[in-house]
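> Turn this into a structure:
(one chain, ligands or ions: 1)
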Amino acid sequence: MYTTQLLTEATWPDFARLVEANNGVWGGCWCMGFHPEGVGKPGQTYEHNREAKHRLVAAGEVHQMLVYDGDDCVGWCQFGHPVELPNIKSRRTYEQAGDPPPDWRIGCVFTTSRRRGTGIASAAVGAVMEEIRAAGGGTVEAYPEQTVERPPQRGAYLHTGPEELFARYGFTRARQIAKWRWVMRAEVDPGSARIDRRGDA
Ligand SMILES: CC(C)(COP(=O)(O)OP(=O)(O)OC[C@H]1O[C@@H](n2cnc3c(N)ncnc32)[C@H](O)[C@@H]1OP(=O)(O)O)[C@@H](O)C(=O)NCCC(=O)NCCS
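Down below sits the predicted model:
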């Protein structure tokens, strides 16, 4: 049974251990790609990205749900308001439609390499939806990859998750923004008080 916790200063060491065990994720992005700073510019090294992520967490500017197996952090789902996560995949095509921004968007999902296919991403997205409900709900967008009618994809290429992951939480296709990528949306009603996540999920 997996449990979930938000990424905060208190849980930063657990997150850092997971990222380090996976070579920084994508060689050292430290899950900065969707944040305003982005990755891949000169000077944005493994260490730089680590520090940048830690700074955002310390400033309370990151929404990210961590999944635990016992004390081990084994995966996450990043979410946030669009201004926190502007660098979505296929951004140019997405913005051409001129749609109003959603209340929330889901950025990247990640499961440690040896534990894929055991429901970790699913636990992460489920907890994110609860968190959004507790924060007042609203429109949530995700930008997942289509997997059906497509050659089988290794998990490594599903940064934003497979469609099936979001369909199980009520997301439906809104529009296509790349050959295999869709905007999916869900409406979350406001809900009751925040719950203690340890022992939950
Ligand atoms: C994509 C990824 C997050 C899936 O995580 P996971 O923990 O293995 O997923 P789950 O076991 O919770 O499965 C959730 C759903 O996705 C589907 N799914 C998972 N991997 C899939 C794949 N490779 N192809 C098709 N569907 C897949 C499952 O079938 C499941 O659907 P179901 O519940 O309807 O059966 C994982 O493979 C991963 O971390 N990949 C790397 C992504 C990455 O690099 N992220 C960082 C970007 S900065």
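
> Name the helix or strand for the residue positioned nearest the centre of the chain, please.
Centroid check for the chain by CA atoms, centre = their mean gives residue 78 as the closest residue, at 2.7 Å. Assigned by DSSP states H and E, residue 78 belongs to strand 72-80.

> what sits against the closest residue in space to residue 119 that isn't next to it in sequence?
Using CB to CB, 6 or more residues apart in numbering and skipping residues adjacent in sequence, the residue nearest residue 119 is residue 2, 7.0 Å away. Bear in mind the C-beta positions are built from the backbone N, C-alpha and C, glycine included. The contact partners of residue 2, by CB atoms under 8 Å, 6 or more residues apart in numbering, come to 67, 68, 69, 74, 119, 120, 123, 201.

> if we look at the ligand, which of these are close to it?
Residues of the contacts of residue 2 in contact with the ligand (CB under 6 Å from any ligand atom): 119, 120.

> In the contacts of residue 2, which residue is surrounded by the most others?
residue 67 (30 neighbours; other CB atoms under 10 Å).

> Closest residue of this structure to the ligand?
Proximity to the ligand, evaluated over the chain using CB to the nearest ligand atom, is greatest for residue 155 at 2.3 Å.

> Pull the number of nearby residues for the closest residue to that residue other than its chain neighbours.
Once flanking residues are discounted, residue 155 sits nearest to residue 116: 4.8 Å by CB to CB, 6+ apart. By other CB under 10 Å, the residues close to residue 116 number 16.

> ditto for residue 6
Neighbours of residue 6 using other CB under 10 Å come to 17.

> which non-adjacent residue is nearest it?
Going by CB to CB, 6+ apart, residue 6 has residue 65 as its nearest residue, at 6.3 Å.

> Run through the residues that contact that neighbour.
Counted by CB under 8 Å, 6+ apart, residue 65 has contacts 4, 5, 6, 7, 76, 77, 79, 124, 127, 128, 131.

> Quick check: mean pLDDT of the helix or strand containing it?
Using DSSP H and E, residue 65 sits within strand 63-69. When pLDDT is averaged over strand 63-69, the result is 98.

> Tell me how far that strand lies from the chain's centre.
Here the centre of strand 63-69 is set off from its chain's centre by 10 Å, with CA atoms, centre = their mean, to the nearest Å.

> between that strand and strand 72-80, how big is the angle?
Relative orientation of strand 63-69 and strand 72-80, computed by axes from the mean of the first three to the mean of the last three CA atoms, to 10 degrees: 160 degrees.

> what's the longest helix seen in the chain packed up against?
For the chain, the longest helix by residue count, based on DSSP state H, is helix 120-134. The helices and strands touching helix 120-134, judged by 3 or more CB pairs under 8 Å, 6 or more residues apart in numbering; DSSP states H and E, are strand 3-6, strand 63-69, strand 72-80, strand 104-111, strand 138-142, helix 163-167, strand 181-188.
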